[in-house]
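Asks: My questions are about this predicted structure, shown below with the sequence.
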There are 4 protein chains.
Amino acid sequence: MTLLTAEQYEESLRRLNLVVYQFGRRVENVVDDPMIRPSMKAVAKTYELAHVPEHEAIMTATSHITGEKINRFTHIHQNVDDLVNKSKMGRLLGRETGCCFQRCVGMDALNALSIVTYAIDEKHATSYNERFLKYLEYVQQHDLTCDGAMTDTKGVRSLPPSQQPDPDAYLHVVRETEDGIVVRGAKAHQTGAVNSHEVIVMPTMTMRKGDKAYAVSFALPSDTKGIVYIVGRQSCDTRKLEDGMLDRGNIVYGGHEALVVFDDVLVPWDRVFMYGEYDFTGLLVESFAAYHRQSYACKVGVGDVLIGAAQTAAEYNGVEKASHIKDKIVEMNHLNETLYCGCIACASQGQVMAGGTYLVDVLLANVHKHNVTRFPYEIARIAQDIAGGLMVTLPSEQDLRSPETAEWIKKYYKTREDIPTEARMRVLRLIENLTLGAAAVGYLTESMHGAGSPQAQRVMISRRINMTEKQQAAKRLCGIDH
Amino acid sequence: MTLLTAEQYEESLRRLNLVVYQFGRRVENVVDDPMIRPSMKAVAKTYELAHVPEHEAIMTATSHITGEKINRFTHIHQNVDDLVNKSKMGRLLGRETGCCFQRCVGMDALNALSIVTYAIDEKHATSYNERFLKYLEYVQQHDLTCDGAMTDTKGVRSLPPSQQPDPDAYLHVVRETEDGIVVRGAKAHQTGAVNSHEVIVMPTMTMRKGDKAYAVSFALPSDTKGIVYIVGRQSCDTRKLEDGMLDRGNIVYGGHEALVVFDDVLVPWDRVFMYGEYDFTGLLVESFAAYHRQSYACKVGVGDVLIGAAQTAAEYNGVEKASHIKDKIVEMNHLNETLYCGCIACASQGQVMAGGTYLVDVLLANVHKHNVTRFPYEIARIAQDIAGGLMVTLPSEQDLRSPETAEWIKKYYKTREDIPTEARMRVLRLIENLTLGAAAVGYLTESMHGAGSPQAQRVMISRRINMTEKQQAAKRLCGIDH
Amino acid sequence: MTLLTAEQYEESLRRLNLVVYQFGRRVENVVDDPMIRPSMKAVAKTYELAHVPEHEAIMTATSHITGEKINRFTHIHQNVDDLVNKSKMGRLLGRETGCCFQRCVGMDALNALSIVTYAIDEKHATSYNERFLKYLEYVQQHDLTCDGAMTDTKGVRSLPPSQQPDPDAYLHVVRETEDGIVVRGAKAHQTGAVNSHEVIVMPTMTMRKGDKAYAVSFALPSDTKGIVYIVGRQSCDTRKLEDGMLDRGNIVYGGHEALVVFDDVLVPWDRVFMYGEYDFTGLLVESFAAYHRQSYACKVGVGDVLIGAAQTAAEYNGVEKASHIKDKIVEMNHLNETLYCGCIACASQGQVMAGGTYLVDVLLANVHKHNVTRFPYEIARIAQDIAGGLMVTLPSEQDLRSPETAEWIKKYYKTREDIPTEARMRVLRLIENLTLGAAAVGYLTESMHGAGSPQAQRVMISRRINMTEKQQAAKRLCGIDH
Amino acid sequence: MTLLTAEQYEESLRRLNLVVYQFGRRVENVVDDPMIRPSMKAVAKTYELAHVPEHEAIMTATSHITGEKINRFTHIHQNVDDLVNKSKMGRLLGRETGCCFQRCVGMDALNALSIVTYAIDEKHATSYNERFLKYLEYVQQHDLTCDGAMTDTKGVRSLPPSQQPDPDAYLHVVRETEDGIVVRGAKAHQTGAVNSHEVIVMPTMTMRKGDKAYAVSFALPSDTKGIVYIVGRQSCDTRKLEDGMLDRGNIVYGGHEALVVFDDVLVPWDRVFMYGEYDFTGLLVESFAAYHRQSYACKVGVGDVLIGAAQTAAEYNGVEKASHIKDKIVEMNHLNETLYCGCIACASQGQVMAGGTYLVDVLLANVHKHNVTRFPYEIARIAQDIAGGLMVTLPSEQDLRSPETAEWIKKYYKTREDIPTEARMRVLRLIENLTLGAAAVGYLTESMHGAGSPQAQRVMISRRINMTEKQQAAKRLCGIDH
């Protein structure tokens, strides 16, 4: 059974025994926790849509190991179409959930490891790839959600891992045993961590010789002894604890991030995919980053939601035909589709790597992600322009329900006669959610820093450009011959 | 006694008997309500700083009626220096509070009425100006905070007030009595409403002949019978109800907006400043709008806070010397000072109106405000870039305090040895507050819509430009002589 | 012989007898005219590179009619790879020539006609497609350059063609003869017109029933009796008449545009591809526009040249390592590659049309072109920033050569010892050429208006967006069920 | 006689004996040279308008030395109104000439020297200020135009003046004689140099102890023996040599820049204003730069012309009521008036310096200029959008005049019946002139680099910002107390 349903996924999570903290207290029932559940629902959508015939081509793939139909989130890209479909899957799910659905990071980790384990073996005559493929088959067979954990907490930014005052500022191997390696450290900003069956750890940056203990990659069940999750706060997070759903904006889905602490955790040997091969950390980081920068295709889908919401708000206000409103909607779409061009282009220009895995065009994936650090902010700004100030001055759902205030709310926030005031409130709350609230964390700040902050992309763009070709062209045209 | 202290101001509010609703329930003690109190503290700052010698020149003025020293917020601008000092006062208070301090709207209403009552009298031989000056003296004598209430709820956008399905969609006179007029309707988005002693009502737009009942302006004590306040929600508002202050970001100050319902409220004749003179609604709206667009000087001060926070976050991360960080700080400052140029220029080019009141240059005030609808968004985007993703994935203050999680929080979010993790958390929460949280409501969305949405400024820019002069210059230079 | 060499192309042009005017005088020898020749050289590059093995895959294709190897500029796109290769060909030639190479417009006209003639036949049982294919084979066999002529001169913008004061404001059929149709009117802005063997005429916009005489499409040899060319001016055009090449910037290539007048020209029946079928003018215009908006792939190549020139200028100034210079180079590249994403994405998402021709994704092609109306201007601005003011204050080549001034020029414009002053002058002149001079006409203004002005793309974006899908997604997420 | 007329100014230039080269040849008659004359006419406008009563308050001032009425271009700013009037004068002349009128650089040099000579004397007990005032009186009495010459040619950018391979890369004193000092070197990019009576030399940057010979400032008559001018090229410069005026766009005015070589020139002692006081080079450079950055007020006036031209082009096309056109015109105006705010704000916040001269607010002047490096490019881009592609494909004036082509030109470029085709051509040529042609040199590239390149302003913004105040505000608000 390789394609779980959403319900099966939820049930499978209940069988985990995660150590999760939130607001300083242990969360006893993670799956039903009101703050966390919406993010679980978003991941569940990746299972649900795989069963929808209309989306089958996008949401599923054929395993290159077993030949079975699998969820694309567990697939290793075998050709350019796989890469393009991955981008389309991101947009689709972003539109369906209006938030971060969290599962791409594991897919990207699997694909990066399929390249890197192969490459290490080629050079060092190790057998990581075989191990990895076995692990991959397990993931595909059980249709697992994996957290891809890369970002270390980093301590003093100017010092390398091995010279930190606190050696645990970067995750590292503290000792080796017969059964495996014991690791310590923490990974920050882990999207979807407590909704995952597995956590796949990778080094956070290119390591040097002195940092061999930090050049480590492995996978573990998410409830392995010693792994602790501390869930971060999001803007407006506690609205999920309030009575009523309206003020949440997005009434079903959400996201979460966590600090994942590895408190001397044992990794069995068959789950170790890199151990000391610091010379391959660069390849791993760059491959993962390229895949994950492509993954910001999802923001195009979230952009679709925000555009749809802005258009709806304009219609409810009866101003959708004003030329400046129409023009702003065009601008939102133009920016959003420009982003789409980026995630499609880097996929369609993908190339096969040694071992057979297809990798996106690294330059274009960086260019794409870099635009994602800009355009969603402008789209959000325009959405706020169209929505009007009521978006941030609207009374609460309780005011709409209370006999003491309901009539005033309904009377004074009424616009078109055919539109209930409540509908108007709902769409404004959705825009608030996407531009200031919990979803803004994903649509804006995560767009900025996820898969690498803007400067990381600029460095890669600088490296990947063929400047010599450009300079030769210029010199030839103006007659400089040296 | 014309200059209240902050404490006296707070006490004076306790004597009011406002009808305030929030979350569907009546707020019994407005001044001590934890959600509202931070916004009261921000208004109180306008009283406090008037007693600080260093700020005296900016914060106080000499009444042109009594010759007494008064708080500038109750002053009628007598010259260009007054206008420039008003801009400086806005920046100062924005920097001191990091939020909307709410009191400018009343100042702007007073100044607009000083112009318009004079102008109506000139044409219609009425005596509004005399009434107004008496009222003004009362405000100055008691150093009152006034809410300037302009924005109606507007109903069907395409219909004029008198043709709305619900006649109350715009505030209007429902009947006249011996003692005064009775009004009904509501004003939306009223910043600082429940911290005000007075509410000054103005029409929301230019009225036509058929809308005479809507051409009305008056002032009332804020706790007049029939006035009801329904407080709106802000992003992250309920953090003010949580234990601990850290997660609020701004631990002292805040803002609020309210829907102010006028449920058949009697306005005594001596408080009526316009009644049916629809031909002066345009002047009132444009004068108030020009003054209030200048008032967005305050966002320069909030920008100062955000820049200071971003610089601090960069230092705590130890990256403040990276060239791209320095460059981003310069860009934030450049944009912020460009805004400052706008509010200074429109003031320094102000001109005297009939009656002696100085009005800002209307074109430049609109240009200034229009930039305010753009640059704070970009400044906020850069601040998020500099802050790093931790700004939205940081665990709660409770996680920092809880014995179960405190050590991990302190250990793994540590950067420089000399900076406590808690300090780092504080500044990140402040950036969150300003770019996504409660202060983002003021710094971003209110910057967009307050004092008129962007399109309102574009219309005014279009009207105020001397296009003939420009076209003549162009034609002269290229030899077109018709 | 289906692949002409550059030399054969030039010779073939000499056999034409075009009626060309420039500066009010007839141009006797078009091919050798110093103002026109650089643009002929740019077209010749499309022939030259087809013989370079390294570029064969991009520059050539296999005719779907004859199975022979042909120049891609005469090819009908048979699959998505053809579309992607077309984009790559545009970038390649833009980089090789640093200007507009003019030949894409004919390719786009041929492809659009292959779709539209098929579609007309389907509905009207005509046989345009057969005619067209015969014509296409002729073009492919002789490797011809075609001018695709769409833009009418338009007269009074608010009136349709048939109601213009001057009926010739739009090209139209004035009478029918046994041999064919006689047409009158003019096509404006015709890039590369006098370097073409053929001119393919299309209507400029969707025509209505009353404008049947204007719904006409046909092809003619460029030297057909009655066709007159009036060459337009470009910025700095007469530098091509000066002694010395340095001040031209681009010492080999250039572009030109012409007004093409059809002064009662007879079109034989076998060259008529649409005649009165106004119901297909929309399809023709939109298909051609989509193809031609994709063609702005070329500006990525011109951007490559400008980036290479800016980098070279920075190196000659010895400032290429300054962080702000490096950052600006990254920004130029980022914008340029964002454009590349657009032309790749619209190609890779292309779809087959009835008849078998592949059409680009129309929405994304419009999005791409719309970015082309923006980013080259910003890239040019940054290039001027990096180049320094000398770019516009540099003395002439004659000053460098004259014994009276040469020493001062060489001495005072010297920077690095290993760089001759002349090389520095050359690269600055190239940047001038691309940002202010003759090539700026193509890189900037043509990027703005070629293949439709920005507003034309905005209209298409507005039409092609699936807004319903977006609104449904938004409503679902916030719980609005109507 | 302290206020020359335009005619007197022209006559006074004829009395000079300048050594000017252009295109490698000596220019015998500078005043009547067709390439240079338009720039002389632009300077003459500064004389002409001083006699126009309407502009008297802006164009003239009262000498603080003699009490006589003088041209403001020779005035030392005595108060904030002087500074504000200077900004207004810049806008006025920019609008009247549509180009660089060149005379502000001398005014800025005089004002900077009035501050710096005073400051040097204070510290070093010299008597430069007395000398300077005597010189100033001479300038005022004769209403002279001065070239303010700062930018050295700079050689190897990474080396200080005294360590250059060529010691003349920066202008310096080569020897001292009884009569004065002898200087050698060159100043680049000298706007209006050959239209000036005087040249005032200043060091190009802060000098160190080892560069004392380079810390020199002085004034000389422009035709002093040993001074040589080599005039630079501008885009489309030779259109001034063609028959007919239409294709020039601006039919009267223009600008020019020159390399000014000092080939062992003797400076008499009474013309030396700094000689070795390297510790004051920083003050001189920063003061001059601040004044000169304010001077970019002129671009607001040139922007007025471009906006007027774009509006006219839209009207001639009959599209001025299209909502997107109106919106673009608003955007141009908004950006242009934002620039105006900058030059007004830095003036209105000016402060008195020791010695009594008023200096603009340095931070805001830099902010202003920095916007000038951005907004004119965007205004120009929009102007090209509105103008349409014809702006760069329009045939020549000769085509309009030639009997062979005139009818076609008139017929096919006709739009509205009441607008002659020639008028349409004229305004399009003006837009070309301002966005690609000779005036684009001033409106765009000079806006970028004149008075310092963008990075120079960023450095100054960084230095002048009070970051401590901002950080303290931020820390106070979030509860950080260290």
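Replies: All right, it came through fine. Numbers count the residues shown, from 1 in each chain, chains lettered A, B, ... in the order given.
Asks: is chain B contacted by the one helix or strand A:Ile386 maps to?
Replies: Here A:Ile386, judged by DSSP states H and E, is contained in helix A:375-387. Yes: Helix A:375-387 is in contact with chain B by Cβ under 8 Å from any Cβ of the partner chain, via A:Tyr377, A:Glu378, A:Arg381, A:Gln384, A:Asp385. Where C-beta positions appear, they are placed from N, C-alpha and C, glycine not excepted.
Asks: Contacts only, for the residue lying closest to A:Lys69 once chain neighbours are set aside.
Replies: Distance criterion Cβ to Cβ, 6 or more residues apart in numbering or on different chains; nearest residue to A:Lys69, sequence neighbours excluded, is A:Thr60 at 5.4 Å. A:Thr60 sits next to A:Leu3, A:Ala50, A:Lys69, A:Ile70, A:Asn71, A:Arg72 when contact means Cβ atoms under 8 Å, 6 or more residues apart in numbering or on different chains.
Asks: With chain C as the reference, measure out to A:Thr60.
Replies: Going from A:Thr60 to chain C by Cβ to the nearest Cβ, to the nearest Å gives 21 Å.
Asks: With A:His189 instead?
Replies: 24 Å.
Asks: do the same with A:Ser87
Replies: Counting by Cβ to the nearest Cβ, the separation of A:Ser87 from chain C is 10 Å.
Asks: Sticking with that residue, tell me its helix or strand.
Replies: helix A:80-97.
Asks: Check A:Tyr138 too.
Replies: Assigned by DSSP H and E, A:Tyr138 belongs to helix A:128-142.
Asks: how far does that helix sit from the chain's center?
Replies: In terms of Cα atoms, centre = their mean, to the nearest Å, the centre of helix A:128-142 is set 22 Å apart from its chain centre.
Asks: Return the residues in contact with the closest residue to A:Glu68 other than its chain neighbours.
Replies: Once flanking residues are discounted, A:Glu68 sits nearest to A:Thr2: 5.2 Å by Cβ to Cβ, 6+ apart. Counting by Cβ under 8 Å, 6+ apart, A:Thr2 touches A:Ser63, A:Glu68, A:Lys69, A:Ile70, A:Asn71, A:Gln140, A:Gln141, A:His142, A:Asp143.
Asks: wait, which of the residues you listed is closest to A:Asn79?
Replies: Of all these, A:Asn79 sits closest to A:Ser63, with 13.9 Å by Cβ to Cβ.
Asks: contacting residues for the closest one?
Replies: Neighbouring residues of A:Ser63 by Cβ under 8 Å, 6+ apart: A:Thr2, A:Lys69, A:Ile70, A:Thr74, A:His75, A:Glu137, A:Gln140.
Asks: Would you mind checking these for buried ones?
Replies: The neighbour count (16 or more other Cβ atoms under 10 Å in any protein chain shown) marks A:Thr2, A:Ile70, A:Thr74, A:His75, A:Glu137, A:Gln140 as buried among the contacts of A:Ser63.
Asks: what two of those have the greatest distance between them?
Replies: The most widely separated members of the buried ones among the contacts of A:Ser63 are A:His75 and A:Glu137, with 12.0 Å between them, by Cβ to Cβ.
Asks: For the residue of chain A found nearest chain D, the count of nearby residues, please.
Replies: Using Cβ to the nearest Cβ, the closest approach of chain A to chain D is made by A:Ser323 at 3.5 Å. Close neighbours of A:Ser323, defined as other Cβ atoms under 10 Å in any protein chain shown, add up to 13.
Asks: surely it meets D:His324?
Replies: Yes: A:Ser323 is within contact range of D:His324, at 7.4 Å (criterion: Cβ atoms under 8 Å).
Asks: mind checking how far the residue lying closest to A:Tyr296 once chain neighbours are set aside is from A:Cys341?
Replies: Computed as Cβ to Cβ, 6+ apart, the closest residue to A:Tyr296 that is not its neighbour in sequence is A:Val372, at 4.4 Å. Remark: distance between A:Val372 and A:Cys341 (Cβ to Cβ, to the nearest Å) = 12 Å.
Asks: A:Leu284 too?
Replies: A:Leu284 is 28 Å from A:Cys341, by Cβ to Cβ.
Asks: quick one: which of these two has more around it?
Replies: A:Cys341 (31 against 28).
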